[in-house]
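Chemist: pasting the structure only:
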């Protein structure tokens, strides 16, 4: 049984690694050449144009359901309409450039394309509905200056791809691969296809009920969905799983309620649930003959897949070993000039990566160490200015406790 599990785990890595690494690289390029200021342009009017722009920008961005919250809050604070903010909140975590490529590799290109269209339309619908019920006045648009970037652009790309992005989702990638390998090893092929409850609307409602409260990474959940499809779950139910799961979880629900209010939260959840089910049913109607119920293996030359898998495993090991070293690093090795900030609102590794990036751009900062459990950010450097550090954290969408 162990041999079967390890074999399936290795095969999942072969299918996942090439597209994931390519997605990480493209995401790093987008992060470097698409400054954050672009996200804050022409989104202040509560009209259809601001909504579709927010949804369109959100689709390729590789942000998780927790990581998207500070970005959406930043949009709102800088003048984005409520509808544009919600459109961004819905469309962004459901997919991303890395998730798109992984979905195409493991579930087929028709599935990936349909997922992208659904994410965009869901954000569009949610934004329009929220704008319709929103009675507040348009937010003033605030001009933003992009923080100066140090180091080479290649360094920026690789640093974001490895430390900020992969470092934020590596745990969920590992968990997703392990769960997928367990399902593939334990559940016979097409077993779920023989169960009436796993097909059609009942299967969609079941995965919807399971996925909404859980934290499910858009990329890490793809291997799980692929293994469930291989076991006989309908592709439409897998689509609902990949749409509703990443867009919602307990932390997201609480944050949306706190930041945007109960009415927006209700419309947000209603949009995610209804659109997931509608597009799931539409998927069965439009593409029943074009998406197989078997695991879709990536047609990558074997040596490339093996090299990519070895590289991915090495990167995952490096990130986790590095994390342990930093966790147990003696405080005496830190520089004497340091400032500790108690930060509120960080819920995942992507949040800490976002705060770290913001603090790294501040003058005089040499190193930033963040403890997600305690919420403490320790900044070391020379001639540090506390007000500037606090302003950087707040600009990233978080608050500093006095």
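Modeler: Received it, and whenever you're ready, just let me know what you need. Small disclaimer: the values here were computed from a predicted structure and weren't measured.

Chemist: can you tell me the helix or strand for residue 366?
Modeler: strand 365-371 (DSSP states H and E).

Chemist: partners of that strand, with directions?
Modeler: Using DSSP bridges, strand 365-371 pairs in its sheet with strand 376-381 (antiparallel).

Chemist: in the stretch 201-350 of the chain, which spans are helices?
Modeler: Counting by DSSP state H, counting those that start in this stretch, the stretch 201-350 of the chain has helices at residues 221-230, 235-247, 250-260, 262-286, 302-327, 349-360.

Chemist: returning to what we had before: run the angle between the strand holding residue 366 and helix 349-360 for me.
Modeler: 160 degrees (axes from the mean of the first three to the mean of the last three C-alpha atoms, to 10 degrees).

Chemist: mind listing what's buried along strand 365-371?
Modeler: For strand 365-371, the neighbour count (16 or more other C-beta atoms under 10 Å) marks 365, 368, 369, 370 as buried. From N, CA and C alone the C-beta is placed, and that goes for glycine too.

Chemist: of those, which is the nearest to residue 132?
Modeler: residue 370 (39.6 Å; C-beta to C-beta).

Chemist: show the contacting residues for that closest one.
Modeler: Each residue near residue 370 by C-beta atoms under 8 Å, 6 or more residues apart in numbering is listed here: 343, 346, 352, 355, 356, 376, 377, 378.

Chemist: hang on, the earlier thing: save the helices of the stretch 201-350 of the chain as a markdown table, and put in mean neighbour count too.
Modeler: As requested, the helices of the stretch 201-350 of the chain are arranged in a markdown table below (neighbours: other C-beta atoms under 10 Å):
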| stretch | mean neighbour count |
| --- | --- |
| helix 221-230 | 27 |
| helix 235-247 | 28 |
| helix 250-260 | 17 |
| helix 262-286 | 19 |
| helix 302-327 | 14 |
| helix 349-360 | 22 |
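
Chemist: so which of those helices is nearest residue 13?
Modeler: Nearest of these (C-beta to C-beta): helix 302-327, 4.3 Å.

Chemist: other SSEs contacting the closest one?
Modeler: helix 2-33, helix 167-186 (3 or more C-beta pairs under 8 Å, 6 or more residues apart in numbering; DSSP states H and E).

Chemist: what angle sits between that helix and helix 167-186?
Modeler: 120 degrees.

Chemist: got the angle between helix 302-327 and helix 2-33?
Modeler: Using the same axes, to 10 degrees: helix 302-327 against helix 2-33 is 80 degrees.

Chemist: just for the stretch 1-150 of the chain, where's the confidence low?
Modeler: Along the stretch 1-150 of the chain, the model assigns pLDDT under 70 to residues 30-31, 34-41, 64-67, 70, 74, 77-78, 135-150.

Chemist: and if we set it to 80?
Modeler: 1, 15-16, 19, 23, 26-44, 62-79, 135-150 (pLDDT under 80).

Chemist: what's the answer for the stretch 251-400 of the chain, then?
Modeler: 251-256, 258-259, 287-302, 326-337, 347-351, 353, 373, 395-397.

Chemist: quick revisit: make JSON lines out of the helices and strands packed on helix 302-327 and add distance to residue 94 and mean neighbour count.
Modeler: What follows is the helices and strands packed on helix 302-327, written out as JSON lines (distance: least, C-beta to C-beta, whole Å; neighbours: other C-beta atoms under 10 Å):
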{"stretch": "helix 2-33", "distance to residue 94": "15", "mean neighbour count": "19"}
{"stretch": "helix 167-186", "distance to residue 94": "15", "mean neighbour count": "20"}
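
Chemist: residue 304 is nearest to which of those?
Modeler: Per C-beta to C-beta, nearest to residue 304 of the helices and strands packed on helix 302-327: helix 2-33, 6.3 Å.

Chemist: pull the contacting residues for the closest residue to residue 163 other than its chain neighbours.
Modeler: The shortest distance from residue 163 to any non-neighbouring residue, by C-beta to C-beta, 6 or more residues apart in numbering, is to residue 353 (6.9 Å). By C-beta under 8 Å, 6+ apart, residue 353 lies in contact with 67, 163, 164, 165, 167, 168.

Chemist: separation between the nearest residue to the last one once chain neighbours are set aside and residue 284?
Modeler: The shortest distance from residue 168 to any residue other than its chain neighbours is 3.6 Å, reached at residue 350 (C-beta to C-beta, 6+ apart). In this view, residue 350 and residue 284 are 33 Å apart by C-beta to C-beta, to the nearest Å.
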